[in-house]
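Q: Fold the following, please.
(chains A and B)
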Amino acid sequence: MSLSPKQIESIAHLARLELKPEEIPVYADSLSRIFGLVGELDRAQTAQVEPMAHPLEQVQRLRADEATSPNQRELYQRNAPQVEGGLYLVPKVIE
Amino acid sequence: MAEKTLAEVAAGLKARKYSSVELTRAYLARIEQAQPALNALVTVTAESALAAAAVADQRLADGTAGPLTGVPIIHKDIFCTAGVRTTCASRMLSNFISPYDATLVTRLKEAGTVMLGKANMDEFAMGSSNETSYFGPVHNPWDPKVVPGGSSGGSAAAVAARLAPLATATDTGGSIRQPAALCGVTGIKPTYGRVSRYGMIAFASSLDQAGVITVSAEDAAMTLQAMAGFDPRDSTSVDVPVPDYTAELGTPMRGLRIGILTEFFGEGLDPAIEKSVREALAAWQRLGATVKEVSLPNLPLSVPTYYVVAPAECSSNLARFDGVRFGHRCENPKDLMDLYKRSRAEGFGAEVKRRIMTGTYVLSAGYYDAYYLKAQRVRALINEDFRRAFGEVDLLLGPTTPTVAFGIGDKTSDPITMYLNDIYTIGANLAGLPAMSIPCGFAAGLPVGVQLIGPHFSEGRLLAAAHAYQRETDFHLRTPAGWAADFNPASKAGAK
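A: Purely as a prediction, here's the structure:
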């Protein structure tokens, strides 16, 4: 299987990754090789097999809808690139 | 007393042969000396280590110490450590100061361990050679020209060079066992859900598991005892009682049924590794274990299965790095899309981007059934193969890696040759099984590891088998040239 430069650009957009023009053929080549490897899965007969999402037969544990930790906004926002008045700042979204 | 196992160091502290402060100083001196040669750590926390050691010394003096009190430890830099930089070896998190401790870090802190620093690793644990780290490759103490393995390469190199008696690690496709094998140390990946993943930066959530790298199986048992157990903060944590692993170490090998994996002894395996592994098998037979060959026909599909499941989960987990709440942000973004795209492009390295894109593609509209669902179905087949095998044998045995450590730079040009390095380790992750690698010999002067895989929650059995073997052999106690652990912490200089 071979991925085209156009497909790589579209995947990179979906993944929110800016690629330089010279990177596109490099990723096209390595992703094509990876999907060549993945193509080996076609050998397996799986029509009657249930997909396995989790290694242990476990269901998602639930808990009561109660606050369990205090608000630590200031502590958490210390790692933010830009905050003001307790809010995260990003470039203007709505004109 | 030259090998500096955790058990010996802990006994030395109890016997007051040296204080935790003296021991900590000695290891910090070794780290300082080793850093230029090995690059095994990304952050050294000397000041807080000495403060923690002083507290440990008080507990040792007043009789409130536990088995690990005062023992120095290195944490893989994937574990959040409150107030300490936690980078996951990525530019994305190169300035991230964690606001909280991972549960594993909390538990080991409460057990009295003294953190010396954070271990280097492959970026976001994606790699098998520690070459994808933003902070540069780690060098194998057995030969600085070869890789230590990955992703827990810093942890394995640190223990091999005796920069600490133990280091925490994580394993998504072999990231504890493969570097343990390549560095000649002991590594255990517990059952999926056995050790809390709260505060462990996520890569592939249905595969990730925390464990430890030590010198011996006895050391691993002591550490796992403190690490394991239910954590309500991790939704994948399992509420199963933790047995007494140290008490189980003495379990006799007589009657233990070992299965040797046919699929692990085929094409691609270095004959020198096969020889060492078969000699190890003979040692267990002498101890009374029985051996039969077991075939897991779907196991050869582990690597392709993994390279759908792991990238899919990685693309989803790493979507959180958006340059808004934490992590790297690009300069002068012109709009929100530009901020996302450039922050992520600048913050992530090439291998991480490759996996994010692979995962994005397999989860995208029109391809989900063909790739992701198909891989999950094959995963079920592999799991069923293991289940069937454990109806016949108590544990499975094979090599950990197909070759010994390879040269730095040798496998970076083709991702597939790098990925195939994990061919023997990935199966246990797909099925969520506990597995270990322990040293069993040398080939061309480099360490060889033998791998043991057991049924879910059989860590005690694996540790007992490893311990029985390590009582008969000394491969795990050997240290690389120049890194002998013959230093005396109680001497004035600390270092040798």
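
Q: C-alpha only now, for contacts and for neighbours.
A: Noted.

Q: quick one: contacts for the residue nearest the centre of chain A?
A: Residue closest to the average C-alpha location in chain A (C-alpha atoms, centre = their mean): A:A15, at 6.7 Å. For A:A15, the contacting residues are B:S315, B:A319, B:I356, B:M357, B:T360, taking C-alpha atoms under 8 Å, 6 or more residues apart in numbering or on different chains as the criterion.

Q: Pick out the most distant pair among these.
A: When the contacts of A:A15 are compared pair by pair using C-alpha to C-alpha, the farthest-apart members prove to be B:A319 and B:M357, with a separation of 11.3 Å.

Q: more crowded one of the two?
A: When B:A319 and B:M357 are compared on other C-alpha atoms under 10 Å in any protein chain shown, the one with more neighbours turns out to be B:M357, at 27 against 13.

Q: Now the more buried one: which helix or strand?
A: Secondary-structure element containing B:M357, defined by DSSP states H and E: helix B:350-363.

Q: I'd assumed B:V55 was in contact with B:V21.
A: No. Using C-alpha atoms under 8 Å as the test, B:V21 is too far from B:V55 to be in contact (9.2 Å).

Q: So for the two, which sits in the more crowded spot?
A: In this view B:V21 and B:V55 are compared by other C-alpha under 10 Å, and B:V21 has more residues nearby, 24 against 18.

Q: pLDDT on the longest helix seen in chain A, on average?
A: Across chain A, the helix with the greatest residue count (assigned by DSSP state H) is helix A:23-38. Averaged across helix A:23-38, pLDDT comes to 96.

Q: Distance of the residue sitting furthest away from the middle of chain A relative to A:R73?
A: Distance to the chain centre peaks in chain A at A:G85, reaching 29.9 Å (criterion: C-alpha atoms, centre = their mean). Counting by C-alpha to C-alpha, to the nearest Å, the gap from A:G85 to A:R73 is 11 Å.

Q: before we move on, what about B:I188?
A: In this structure, B:I188 and A:R73 are separated by 37 Å, where distance is defined by C-alpha to C-alpha.

Q: try B:T186
A: 41 Å.

Q: In terms of packing, which of the two has more residues around it?
A: B:T186 (31 against 10).

Q: Contact partners for the more buried one?
A: By C-alpha under 8 Å, 6+ apart, the contact set of B:T186 is B:177, B:180, B:213-217, B:220, B:436-439, B:476.

Q: switch the cut-off to 7 Å
A: Applying C-alpha atoms under 7 Å, 6 or more residues apart in numbering or on different chains, one finds that B:T186 lies in contact with B:A180, B:I213, B:T214, B:V215, B:S216, B:A217, B:S437, B:I438, B:P439.

Q: for B:R354, same thing?
A: A:Y27.

Q: for B:T400, same thing?
A: Applying C-alpha under 7 Å, 6+ apart to B:T400 gives the contacts B:R177, B:Q178, B:A181, B:Y424, B:T425, B:S437, B:G449, B:V450, B:Q451.

Q: Out of the residues you listed, which is nearest to chain A?
A: B:T425 (15.3 Å; C-alpha to the nearest C-alpha).

Q: and the gap between the closest residue to that closest one other than its chain neighbours and B:A210?
A: Closest residue to B:T425 apart from its sequence neighbours, by C-alpha to C-alpha, 6 or more residues apart in numbering or on different chains: B:G174 at 4.8 Å. B:G174 sits 11 Å away from B:A210, going by C-alpha to C-alpha.

Q: out of the two, which sits in the more crowded spot?
A: B:G174 (32 against 29).

Q: In which helix or strand does the more buried one reside?
A: When elements are defined using DSSP H and E, B:G174 is found to belong to no helix and no strand.

Q: mind checking how far it is from B:A125?
A: Computed as C-alpha to C-alpha, the B:G174 to B:A125 distance reads 10 Å.

Q: after the longest helix of chain A, next one along is what?
A: Using DSSP H and E, the first helix or strand after helix A:23-38 is helix A:73-77.

Q: Run me through the strand neighbours of the next helix or strand after that following helix, direction for each.
A: Stepping forward along the backbone from helix A:73-77, the first helix or strand reached (DSSP H and E) is strand A:83-84. Pairing partners of strand A:83-84, with direction, according to DSSP bridges: strand A:87-88 (antiparallel).

Q: distance between the partner strand and the chain's centre?
A: Distance of strand A:87-88 from its chain centroid, counting by C-alpha atoms, centre = their mean, to the nearest Å, is 23 Å.

Q: For it, give me every contacting residue.
A: Surrounding strand A:87-88, the residues in contact under the criterion C-alpha under 7 Å, 6+ apart are A:Q82, B:V324, B:R325.

Q: same deal with stretch B:478-496?
A: B:2-4, B:18, B:22-23, B:25-26, B:29-30, B:141-142, B:160-162.

Q: rerun that using 8 Å as the cut-off
A: Applying C-alpha under 8 Å, 6+ apart, the contact partners of stretch B:478-496 are B:1-4, B:17-19, B:22-23, B:25-27, B:29-30, B:141-142, B:160-162.

Q: could you flag which of those are buried?
A: Applying 16 or more other C-alpha atoms under 10 Å in any protein chain shown to those, the neighbour count classes B:3-4, B:18-19, B:22-23, B:25-27, B:29-30, B:141-142, B:160-162 as buried.

Q: hmm, back to that, now the contacts of strand A:87-88 as JSON lines including distance to B:R379, pLDDT and neighbour count?
A: Rendered in JSON lines, the data for these read as follows (distance: C-alpha to C-alpha, whole Å; pLDDT from 0 to 100; neighbours: other C-alpha atoms under 10 Å in any protein chain shown):
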{"residue": "A:Q82", "distance to B:R379": "43", "pLDDT": "96", "neighbour count": "17"}
{"residue": "B:V324", "distance to B:R379": "36", "pLDDT": "97", "neighbour count": "21"}
{"residue": "B:R325", "distance to B:R379": "35", "pLDDT": "96", "neighbour count": "21"}
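
Q: B:L256: which of those is nearest?
A: B:R325 (52.4 Å).

Q: Where does the prediction get shaky in chain A?
A: For chain A, applying pLDDT under 70 flags no range at all.

Q: rerun that using 90 as the cut-off
A: Counting by pLDDT under 90, chain A contains low-confidence ranges at A:1, A:53-63, A:68-69, A:93-95.

Q: what's the helix or strand for the residue nearest to B:E248 when sequence neighbours are not counted?
A: For B:E248, ignoring the flanking residues on the chain, the nearest one in space by C-alpha to C-alpha, 6+ apart is B:G460 at 5.8 Å. For B:G460, the element it lies in under DSSP H and E is helix B:459-472.

Q: other SSEs contacting that helix?
A: Here helix B:459-472 touches helix B:217-227, helix B:245-248, helix B:271-286, strand B:435-443, going by 3 or more C-alpha pairs under 8 Å, 6 or more residues apart in numbering or on different chains; DSSP states H and E.

Q: Tabulate the ones you listed (JSON lines), appending distance to B:Y368.
A: Shown next, in JSON lines, are the helices and strands packed on helix B:459-472 (distance: least, C-alpha to C-alpha, whole Å):
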{"stretch": "helix B:217-227", "distance to B:Y368": "37"}
{"stretch": "helix B:245-248", "distance to B:Y368": "42"}
{"stretch": "helix B:271-286", "distance to B:Y368": "39"}
{"stretch": "strand B:435-443", "distance to B:Y368": "30"}
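
Q: Can you tell me which of the ones you listed is most buried?
A: Mean neighbour count, computed with mean count of other C-alpha atoms under 10 Å in any protein chain shown, is highest for strand B:435-443 among the helices and strands packed on helix B:459-472, reaching a mean of 28.

Q: Wondering if the helix or strand that it is followed by reaches chain A at all.
A: Proceeding C-terminally, strand B:435-443 gives way to strand B:446-453 as the next helix or strand, assigned by DSSP H and E. No. Strand B:446-453 stays out of contact with chain A when judged by C-alpha under 8 Å from any C-alpha of the partner chain, the minimum separation being 14.7 Å.
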